[in-house]
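Peer 1: Structural data only, the sequence is not supplied:
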């Protein structure tokens, strides 16, 4: 399996602070109530600077083309009442529903056997839904933004409106990408010395102020050891070949050595700066040893040890060290891991063991994309065509290993892209439903082009019970 994120000295163990957990949970729980005067004030200050300039884009324009077929009218049987604004013939903001509806956005048969799809206005640009939402707890439900997307005012504004008008409440924003480049004008000197700065977000602090004014929980994604920029600038810190040259993976990327404390400091220094700028959480990605390419030729500064125990210890201790540096700043940490480690202990060459990673961070985010599982996983001939069963199988395995605490610690990445099997609203909803049915209320949607399925998000938002309780009719 490969990362979809391609397309994707010992530190003391740090225990999570109860007060910090309580503070973060309270903050997330209050997200829906923090839209109003503060947002207006910040927007008034920032609009002249151009941060949110550019044409307004409807969130509907960002969703991928659904492969659903036709739509029926009226609310699903047994569901709670639709919001009052959704039942009329005129949307309060966008005008007559007939002129604004897009048939291709409708769910073909409600959802997995439900009798009807949402009324057309539900899928159009609607009013603030915060008073209509059925709370799902103090968990982050987010989307991923590249540095480029976050740095484009019109694109960022459109995704911000998508978050505001749905049950989303979080954004994961690149601060260091797969090339090893910081995406903003960092003040960490080492990045400039390595030539590892490519400014995509011109005013990151301003962007964070806007996000906070709109009640958005902000997560900084930091790619760690997949780092061509640092490896080329300082080969002593890189993974080498037996001949002493830079080792490269199949995509031509060079990697830094996860055993080297200098590499730890280099990444954590950027994380600390991001925390000081206002991010709520730091998410460590590519926090592993390389896996694709001729890994038998990788030379590290330390041996892997029996059963790759040194690799496993290096990854968990790096994460513990990062949490120790960030916790005093009031910032939580998370780690992205391969989905396969939820179901197997055999991939120790990664350095990722689910229990060890979960103990070292506040949240663990397995990348359980159904497209990344082959025939036979979870007893399925084609896991990619069975997103509900695949996600439920992977998360059930994870919960069996982590115990009751796992429900609060797991925050999976779900698939909102097509790879080998067409994914539309129903496939995205299947994954969300499987996650919630297991008691895991937080999740993140991954799409490398940042185009998210608006139909799925709005259906989930306005009729939560129906779309999470398809029962015997679906899945």
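Peer 2: Looks like it arrived, so ask away. What you are looking at is a predicted structure, and each value in this text was computed from that prediction instead of being measured. Residues are numbered from 1 along each chain as shown.
Peer 1: Can you give me the end-to-end span of stretch 145-154?
Peer 2: End-to-end distance for stretch 145-154, by C-alpha to C-alpha, to the nearest Å: 13 Å.
Peer 1: how about that stretch: buried residues?
Peer 2: Neighbour-count burial for stretch 145-154 flags 145, 146, 147, 149, 150, 151, 152, 153 (criterion: 16 or more other C-beta atoms under 10 Å). Heads up, the C-betas are built off the backbone N, CA and C, glycines and all.
Peer 1: can I assume residue 175 sits in a strand?
Peer 2: Yes - using DSSP: H, G, I helix; E, B strand; the rest coil, the secondary structure at residue 175 is a strand.
Peer 1: My guess is it contacts residue 182. True?
Peer 2: Yes - Residue 175 lies in contact with residue 182 (C-beta atoms under 8 Å); the separation is 6.5 Å.
Peer 1: where do the contact lists of those two overlap?
Peer 2: With contacts taken as C-beta atoms under 8 Å, 6 or more residues apart in numbering, residue 175 and residue 182 have residue 270 as neighbours in common.
Peer 1: Burial check on residue 405, number of neighbours?
Peer 2: Burial measure for residue 405: 11 neighbouring residues, criterion other C-beta atoms under 10 Å.
Peer 1: do the one 10 residues further on as well
Peer 2: Residue 415 has 27 neighbours, counted by other C-beta under 10 Å.
Peer 1: pretty sure it contacts residue 370?
Peer 2: Yes - between residue 415 and residue 370 there is a contact at 5.9 Å, judged by C-beta under 8 Å.
Peer 1: shared neighbours, the two?
Peer 2: Residues touching both residue 415 and residue 370 comprise 387, 431, with contact defined as C-beta under 8 Å, 6+ apart.
Peer 1: Tell me who's in contact with the closest residue to residue 319 other than its chain neighbours.
Peer 2: Among residues not flanking residue 319 along the chain, residue 360 sits closest, at 3.7 Å (C-beta to C-beta, 6 or more residues apart in numbering). Residues touching residue 360, when contacts are defined by C-beta under 8 Å, 6+ apart, comprise 13, 316, 317, 319, 320, 323, 335.
Peer 1: Next up, phi/psi of residue 247, please.
Peer 2: Phi and psi for residue 247, reported as degrees, to the nearest 10, are phi -80, psi 140.
Peer 1: Roughly how far does the closest residue to it other than its chain neighbours sit from residue 410?
Peer 2: Among residues not flanking residue 247 along the chain, residue 239 sits closest, at 4.5 Å (C-beta to C-beta, 6+ apart). For residue 239, the distance to residue 410 under the criterion C-beta to C-beta, to the nearest Å works out to 30 Å.
Peer 1: What of residue 204?
Peer 2: Distance check for residue 204 against residue 410: by C-beta to C-beta, it reads 29 Å.
Peer 1: Validate this expectation: residue 142 resides in a strand.
Peer 2: Yes - assessed with three-state DSSP, residue 142 lies in a strand.
Peer 1: Just list the residues touching the residue lying closest to it once chain neighbours are set aside, thanks.
Peer 2: Leaving out its chain neighbours, the residue that sits closest to residue 142 by C-beta to C-beta, 6+ apart is residue 170, at 3.1 Å. For residue 170, the contacting residues are 140, 141, 142, 143, 163, 216, 217, 218, 219, 444, by C-beta under 8 Å, 6+ apart.
Peer 1: mind checking pLDDT for residue 170?
Peer 2: If you check residue 170, the pLDDT there is 96.
Peer 1: Then residue 99?
Peer 2: On the pLDDT scale, residue 99 is placed at 28.
Peer 1: try residue 381
Peer 2: Reading off the per-residue confidence, residue 381 sits at a pLDDT of 97.
Peer 1: Could you do residue 20 as well?
Peer 2: Per-residue pLDDT puts residue 20 at 49.
Peer 1: What of the one 5 residues further on?
Peer 2: What the model reports for residue 25 is a pLDDT of 51.
Peer 1: Residue numbering should commence at 24 henceforth.
Peer 2: All set: I'll call the first residue 24, so the last point we hit is now residue 48.
Peer 1: Where does the prediction get shaky in the protein?
Peer 2: Residues of the chain that meet the criterion pLDDT under 70 lie in 24-161, 485-498.
Peer 1: Apply 80 and report the result again.
Peer 2: Filtered on pLDDT under 80, the chain yields the residue ranges 24-161, 370, 482, 484-498.
Peer 1: Please enumerate the strands of it.
Peer 2: With DSSP state E, the ranges of strands along the chain come out as 113-114, 118-119, 164-168, 193-199, 240-246, 304-308, 355-361, 386-390, 436-438, 466-469.
Peer 1: would TSV of those with distance to residue 379 be doable?
Peer 2: Formatted as TSV, these follow (distance: least, C-beta to C-beta, whole Å):
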stretch	distance to residue 379
strand 113-114	50
strand 118-119	55
strand 164-168	25
strand 193-199	23
strand 240-246	19
strand 304-308	14
strand 355-361	10
strand 386-390	10
strand 436-438	19
strand 466-469	21
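Peer 1: Mind checking these for the one nearest to residue 290?
Peer 2: Nearest to residue 290, of all these, is strand 240-246, at 6.4 Å by C-beta to C-beta.
Peer 1: The closest one pairs with which strands, and in what direction?
Peer 2: strand 193-199 (parallel), strand 304-308 (parallel) (DSSP bridges).
Peer 1: Could you give the bridge partners of residue 263?
Peer 2: Residue 263 has the following beta-bridge partners by DSSP bridges: residue 269, residue 322.
Peer 1: Contacts only, for it.
Peer 2: Shown in contact with residue 263 (C-beta under 8 Å, 6+ apart): 269, 270, 321, 322.
Peer 1: thought the third one was touching residue 262?
Peer 2: Going back to what we said before, that points to residue 321. Yes - with contact defined as C-beta under 8 Å, residue 321 and residue 262 form a contacting pair (5.2 Å).
Peer 1: okay, and the common contacts of the two?
Peer 2: Common contact partners of residue 321 and residue 262 (C-beta under 8 Å, 6+ apart): 270, 313.
Peer 1: okay, those two: which has more neighbours?
Peer 2: For residue 321 versus residue 262, neighbours defined as other C-beta under 10 Å are more numerous around residue 262 (27 against 19).
Peer 1: Let me see the contact set for that one.
Peer 2: With C-beta under 8 Å, 6+ apart as the criterion, the residues that contact residue 262 are 254, 269, 270, 277, 278, 279, 280, 313, 321, 322, 323.
Peer 1: what does residue 450 give?
Peer 2: Contact criterion C-beta under 8 Å, 6+ apart gives 410, 438 as the residues in contact with residue 450.
Peer 1: Over to residue 265?
Peer 2: Contacts were defined as C-beta under 8 Å, 6+ apart; by that measure residue 265 touches 320, 322.
Peer 1: Report the separation between it and residue 239.
Peer 2: When C-beta to C-beta is applied, the distance between residue 265 and residue 239 equals 48 Å.
Peer 1: swap in residue 383?
Peer 2: Following C-beta to C-beta, the distance that separates residue 383 from residue 239 is 26 Å.
Peer 1: Ok, residue 413 next?
Peer 2: If you measure residue 413 against residue 239 using C-beta to C-beta, the figure is 29 Å.
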